[in-house]
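*Asks:* pasting the structure only:
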């Protein structure tokens, strides 16, 4: 089964996408399942994981409604207020709802880089650890030391780094990202999404500028702990869905086997998110 582990839908009229402004050019319009169907057909994608794009419960509800209406959506990574005293009850309610497969706090947009280490947040993360429930981590390289600290506190946390941790590909800066991502990869319950590279690359996307980042992630995590994600429609700022797929296929290490590719393009996401659909 081929799975795109990371894509988005949004409807501007909902009004909670604070980051999405007219300056975002072609992104500033609705992107809904009917806009994505051609990608499924063209690239033999069986399923997708839809990830939240707004930090509201209304966003999670919206995506779960799309899940109910579209068989190709394998699961929803939603948003919950992880600082709220109501988190436990809201989480348990959603956890019992079909299609809710993960949580993503938008760490990159928060003023406090160490927000996830606040006591009330850690208390709620402990619930995820107890249930072995997935969390997506949307971060910049400056957050990597914080994530290392989080994993030292909860070494069995089921987590996935989004977009390789957004290394500074355009500037070809690899350290300390390389050393820190290596330490994160040592935690056996952590995976990494091979996604979002094109928007971190330079104006003219070149395989050569992205390749060593991908190679390092695959080397340290292993082929069974990384997963393809298109980051559609955000990727359209730089290139097409087809180019995103082909970029990853052409930059994977030579030792990656056909079985490994099947894992990267589906099996790993299926296993990480404990999919049943």
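*Replies:* Cool, got the structure. If you're wondering where the values come from, they're calculated on a predicted model, not measured in any experiment. Numbering: from 1, shown residues only.
*Asks:* Can you name the residues that contact residue 213?
*Replies:* 164, 167, 169, 174, 197 (C-beta atoms under 8 Å, 6 or more residues apart in numbering). Placement of C-beta: from N, CA and C, glycine included.
*Asks:* Let me have the residues you listed in a markdown table, extended by neighbour count and pLDDT.
*Replies:* What follows is those, written out as a markdown table (neighbours: other C-beta atoms under 10 Å; pLDDT from 0 to 100):
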| residue | neighbour count | pLDDT |
| --- | --- | --- |
| 164 | 24 | 98 |
| 167 | 26 | 97 |
| 169 | 23 | 96 |
| 174 | 16 | 96 |
| 197 | 27 | 95 |
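*Asks:* Among those residues, name the ones in helices.
*Replies:* Among the contacts of residue 213, the residues falling in helices (DSSP state H) are residue 197.
*Asks:* And the contacts of residue 213, which two are furthest apart?
*Replies:* Farthest apart among the contacts of residue 213 by C-beta to C-beta are 174 and 197. That separation is 13.4 Å.
*Asks:* How about the contacts made by residue 265?
*Replies:* By C-beta under 8 Å, 6+ apart, the residues touching residue 265 are 2, 3, 227, 228.
*Asks:* now residue 267
*Replies:* Residue 267 is in contact with residue 1, counting by C-beta under 8 Å, 6+ apart.
*Asks:* most centrally placed residue in the chain?
*Replies:* Nearest to the mean C-alpha position of the chain, by C-alpha atoms, centre = their mean, lies residue 162 at 3.9 Å.
*Asks:* So that residue is in contact with residue 191, correct?
*Replies:* No - using C-beta atoms under 8 Å, residue 162 makes no contact with residue 191, being 10.3 Å away.
*Asks:* what helix or strand is residue 39 on?
*Replies:* Using DSSP states H and E, the element containing residue 39 is helix 33-42.
*Asks:* Where does pLDDT dip in the stretch 151-277 of the chain?
*Replies:* Within the stretch 151-277 of the chain, the ranges that satisfy pLDDT under 70 run 277.
*Asks:* which stretches of it form strands?
*Replies:* 159-161, 190-194, 226-228 (DSSP state E, counting those that start in this stretch).
*Asks:* For the second one, which helices and strands make contact with it?
*Replies:* Think strand 190-194. strand 159-161, helix 177-185, helix 207-221, strand 226-228 (3 or more C-beta pairs under 8 Å, 6 or more residues apart in numbering; DSSP states H and E).
*Asks:* Could you check the angle it makes with helix 207-221?
*Replies:* Orientation check (axes from the mean of the first three to the mean of the last three C-alpha atoms, to 10 degrees): strand 190-194 against helix 207-221 gives 160 degrees.
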